[in-house]
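>>> here is my input; please provide its structure:
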Amino acid sequence: MIWLLSTALMGEAGAADVMAYAMPLPDPDIEGLVLLGATPGERHSCEVTAIIDPYGDVLDAAPGDCRPELSEASAAAMRTWKFHPPTAGGQAVQAVQARYTMRFVYVSHTVLTDLPLEDGDVLVRLPPTAIPRWPTPYRVPRGSEYADDRCVLDLRVDDRDRPEFVRTVDCPAEVEDAVKRRLKRFGLDTIGTTPGDGTVYRMDLALR
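Now for the predicted structure:
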């Protein structure tokens, strides 16, 4: 499977700062995979809180706001994370247990773009994935009113590696036409599926 990590992380617990340096991503079980497969392109968040000892070891991790299909995989992954010892003002904090809370954001059946995320979220992107062959993503003209907007489309990839059955979820009309032309011109590669098999992918493109 393909996993993409979104960001480096630093958390705070009381006066203690904690920072992770080894962050294995979750491996969802069959229930989680069924959920993601049934909701192509939709994001499912799972918040997890870890308790970290003075040496940076995770004593335990528990899910909070989370779909039950993803809770155990999320907590299990967090238990394997490695942290630097908690510090305060740059100095190690002795005899204290720090708490660290973050969110895994799961998504599958996507077109590979930079998904907009909240600071500190960790993206878990599962196949199938469609990868645009364009050398650079579409850019809106300088000064465009659509800068910082988003273009969200659902599409399939035909057996010639071109987009088909494109459905607009949320995209300015002028931008939509330009993005469709660009995708059609360059085509898309697929991972985890075969072109022309009817798989639906969601593209969530941040407009810049």
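>>> give me the contacts around the top helix by length along the chain.
Once the chain is assigned using DSSP state H, the helix that runs over the most residues is helix 173-186. With contacts defined as C-beta atoms under 8 Å, 6 or more residues apart in numbering, helix 173-186 is touched by 132-135, 138, 140, 146, 149, 151, 153, 155, 162-163, 166, 168, 171, 203, 205, 207. C-beta here means a position set from N, CA and C on the backbone, and glycine is covered the same way.
>>> repeat the analysis, applying 7 Å as the threshold.
132-134, 138, 140, 146, 151, 162-163, 166, 168, 205, 207 (C-beta atoms under 7 Å, 6 or more residues apart in numbering).
>>> now pLDDT, distance to Pro68 and neighbour count too, for these, in CSV please.
Shown next, in CSV, are the contacts of helix 173-186 (pLDDT from 0 to 100; distance: C-beta to C-beta, whole Å; neighbours: other C-beta atoms under 10 Å):
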residue, pLDDT, distance to Pro68, neighbour count
Pro132, 97, 34, 21
Arg133, 97, 38, 11
Trp134, 96, 39, 14
Tyr138, 89, 38, 18
Val140, 89, 40, 18
Tyr146, 87, 38, 15
Cys151, 94, 33, 24
Arg162, 97, 39, 17
Pro163, 97, 35, 22
Val166, 96, 34, 16
Thr168, 96, 32, 14
Leu205, 92, 31, 21
Leu207, 90, 35, 18
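>>> now do the SS call for Tyr146.
Recorded secondary structure, Tyr146: coil (DSSP: H, G, I helix; E, B strand; the rest coil).
>>> list the contacts for it?
Going by C-beta under 7 Å, 6+ apart, Tyr146 touches 140, 172, 175, 207.
>>> for Leu126, state which of the residues you listed is nearest.
Ranked by distance to Leu126 (C-beta to C-beta), the contacts of Tyr146 are led by Leu207 at 25.1 Å.
>>> and the end-to-end length of stretch 115-134?
Using C-alpha to C-alpha, to the nearest Å, one end of stretch 115-134 lies 17 Å from the other.
>>> would you map the strands across this protein?
Residue ranges of the strands in the chain, as given by DSSP state E, are 10-13, 16-22, 44-52, 58-66, 82-83, 87-88, 91-92, 98-111, 122-132, 150-157, 163-170, 188-191, 201-206.
>>> do you know which of those strands lies nearest Ser74?
Ser74 sits nearest to strand 44-52 of all the strands of the chain, at 4.2 Å, using C-beta to C-beta.
>>> what angle sits between the closest one and strand 98-111?
Interaxial angle, strand 44-52 versus strand 98-111 (axes from the mean of the first three to the mean of the last three C-alpha atoms, to 10 degrees): 150 degrees.
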